[in-house]
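Student: Predicted model follows, preceded by the sequence.
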Amino acid sequence: MDSNYLLPGSRWLLTIYEASFPQHLPGASVIPNLVHIIWLGSPPSTTLSRSITGVERQFPELTVRLWREDDLSWLRNSKYFLATAKQQGRSNIARYEILHRYGGYYFDADFRFLNLRP
């Protein structure tokens, strides 16, 4: 929040905002530099491994985390996660909880990363 836009006598509001939301201060990253990918079931494919390597090579500032079933025992909705028969539904449950807990970005396991930098 820019103090240039405050009404006279409302500096207290900025103080409360800064104390409540320090991650939104200038220079702070709003979205953590984390990329989450979920792979359930069979061992990860070589295509997925190549895609992850491509992201890491192009964006070294990002940390890529591959989540497997064994990594998800902490899910608050684990009862529904385990009761869901299809991998797609299980992945959806895990995705929302991972992003809520850790922040960052989510890439589908079948993504294809293109070179976006000039």
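Tutor: Perfect, thanks for sending it.

Student: Low-confidence bits of the protein, can you list those?
Tutor: Residues of the chain meeting the criterion pLDDT under 70: 1-29, 113, 115-118.

Student: Mind naming the longest helix for it?
Tutor: helix 87-102 (DSSP state H).

Student: Give the buried residues for stretch 72-84.
Tutor: Neighbour counts over stretch 72-84 (16 or more other CB atoms under 10 Å) mark 72, 75, 81 as buried. (C-beta placed from N, C-alpha, C; glycine too.)

Student: what's the answer for stretch 46-60, then?
Tutor: 48, 51-52, 55.

Student: So which of those residues sit within strands?
Tutor: Judged by DSSP state E, the subset of the buried residues of stretch 46-60 located in strands is empty.

Student: Not including adjacent chain positions, what is the nearest residue to T84?
Tutor: R90 (4.8 Å; CB to CB, 6 or more residues apart in numbering).

Student: Make sure R112 is indeed in a strand.
Tutor: No - with DSSP: H, G, I helix; E, B strand; the rest coil as the criterion, R112 is located in coil rather than a strand.

Student: quick one on the thing from earlier: out of the buried residues of stretch 72-84, who's nearest Y96?
Tutor: L75 (9.8 Å; CB to CB).

Student: Distance check, that closest one against K86.
Tutor: Distance of L75 to K86, given as CB to CB, to the nearest Å: 16 Å.

Student: Verify the stated contact: V55 with R65.
Tutor: No - if you go by CB atoms under 8 Å, V55 and R65 don't touch, sitting 11.4 Å apart.

Student: can you list residues touching both of these two?
Tutor: Residues within reach of V55 and of R65 at once, by CB atoms under 8 Å, 6 or more residues apart in numbering, are V35.

Student: quick one on the thing from earlier: please identify the buried residues of the longest helix of the chain?
Tutor: Neighbour-count burial for helix 87-102 [16+ other CB under 10 Å]: 90-91, 93-95, 97-98.

Student: what's the farthest-apart pair in these?
Tutor: R90 and I98 (12.2 Å).

Student: which neighbours do those two share?
Tutor: With CB under 8 Å, 6+ apart, R90 and I98 have no common neighbours.
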